[in-house]
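1. Give the three-dimensional model of this entry:
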Amino acid sequence: VYLAEVEEVLELPDELWGRGNPKSSTGRLDVFVRLLTEHGYAFDTVPAGYRGRLYLEITPQSFHVAVRRGDCLGQLRLASGDPGVSRDELIRRQETDPVCIWSDGQPAPVGTSYPPSVLLSVDLDGAHGGPVGYLARRHMPPIDLARRNLPIDRYWVPLRPDSQGIVLEPEQFYIFATRERLCIPPDVCAELVPFDATKGELRTHYAGFIDSGFGWSESERAGARLVLEIRPHDVPFLLEHGQPLFRVEFMHNEAVPDVLYGQTGSNYQGQGLRLAKQFAQDD
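-> Have a look, this model is predicted:
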C-alpha cells in the first residue's frame, strides 16, 4: 500500500463538496485508489469548503504497476446541494428518451431502492462472439501506465460462455460487461454503486463515475455497455447471465459541459467488453 501526495490543492467555496474515485483505466488494472484529505474522516469524500492538500492511497492488487510524476490515477468531481435525479424524473426520462436500454432497445425499468437508480445485469451470453469476461493473471511483469498494445494473453485469462454460469473465486479479479447500454445525455452524469451488501459479498466496480455524453450522440442513441470490475470476498460466487447485481444512480449537472465524453477521442466511448487502454484490442 502506497500513500502519494496529489499535485493539485483545493480551495473550495463553502457550498462545494467533492467525491473521488479511480479513473477507468486504473480500475481496470485492479489498482485500488482512494482519495484522502487532511484530517479527513472518510475515504473518497471532500467536505464542503475544504481547503488543503489531497492524497491518494494506492494499492495494486493483481498487477505490479509503474507510475511517474504527472500520471493520473484518480478523478474528482465537485457538487453542491443534492444533485440527484428524482424518481419521477428518472421514470419520465426512461419513458421518453431512455438513459439506459436493454439489448433489444427497450428502456430498463427504474428500481425501487433509494436513491433512485436503474438496475443493471451482467452479460454472459456470448452472442457477440469472443470472451464474455477476463480473469487477471497474478505475478506478471509490471505494467507501465504509459505503455500501449500489451499482449492480453500474458496478463488475462479469457472466460467463455457457460450455460451453468461462472463461479467467481474469492479475492480474484474479473472483468465483465453489462447486458444493458447507457446513453448519458449532456445535462446529467451518473455513478455506479460499488458495493451493495444485499447482492452478495463482492465489490462490483472501482471506477464508478460515468461522464455526460457517455454512449450518447446527437444522431443516435445506441448507447455503450459498462465494464464491470468484480472482486468477490470471503466465499465463491456463482455469476449467471442476466443476473441483476449493479445499480447506477443519476445526477444533474449545473450546466452542460463544454466538451462531452467521447468528443476528445476517449478510449471507452461506445465500448463493449473492453480491457484497460494499455492492452491491445480491436474493440
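2. Which parts of the stretch 51-200 of the chain are strands?
-> 51-60, 65-66, 74-80, 100-101, 117-121, 133-136, 143-144, 156-159, 166-168, 174-182, 188-192 (DSSP state E, counting those that start in this stretch).
3. tell me which residues of the first one are tucked away?
-> Meaning strand 51-60. Within strand 51-60, the residues scored as buried using 16 or more other CB atoms under 10 Å are 54-58, 60. Every residue, glycine included, has its C-beta placed from N, CA and C.
4. Spit out the contact partners of the nearest residue to Pro161 once chain neighbours are set aside.
-> The spatial neighbour of Pro161 that comes closest, neighbours along the chain excluded (CB to CB, 6 or more residues apart in numbering), is Gly126 at 3.3 Å. Contacts for Gly126 (CB atoms under 8 Å, 6 or more residues apart in numbering) come out as 132, 160-161.
5. Just the terminal-to-terminal distance for stretch 70-78.
-> End-to-end span of stretch 70-78 (CA to CA, to the nearest Å): 21 Å.
6. can you check stretch 128-142 too?
-> For stretch 128-142, the first-to-last residue distance is 31 Å (CA to CA).
7. Check stretch 106-113 too.
-> 21 Å.
8. Now that stretch: buried residues?
-> So, applying 16+ other CB under 10 Å, buried residues of stretch 106-113: 107-108, 110-111.
9. which residues sit against it?
-> Taking CB under 8 Å, 6+ apart as the rule, stretch 106-113 contacts 87, 90-91, 94-95, 98, 100-102, 116-120, 180, 247.
10. quick one on the thing from earlier: just the closest of the buried residues of stretch 106-113 to Ala136, please.
-> Nearest to Ala136 out of those is Ala108 (CB to CB; 28.8 Å).
11. Ignoring the adjacent residues along the chain, who's closest to the closest one?
-> Cys100 (4.4 Å).
12. Phe32: neighbour count?
-> 18 (other CB atoms under 10 Å).
13. I'm done for today, thanks for sticking with me.
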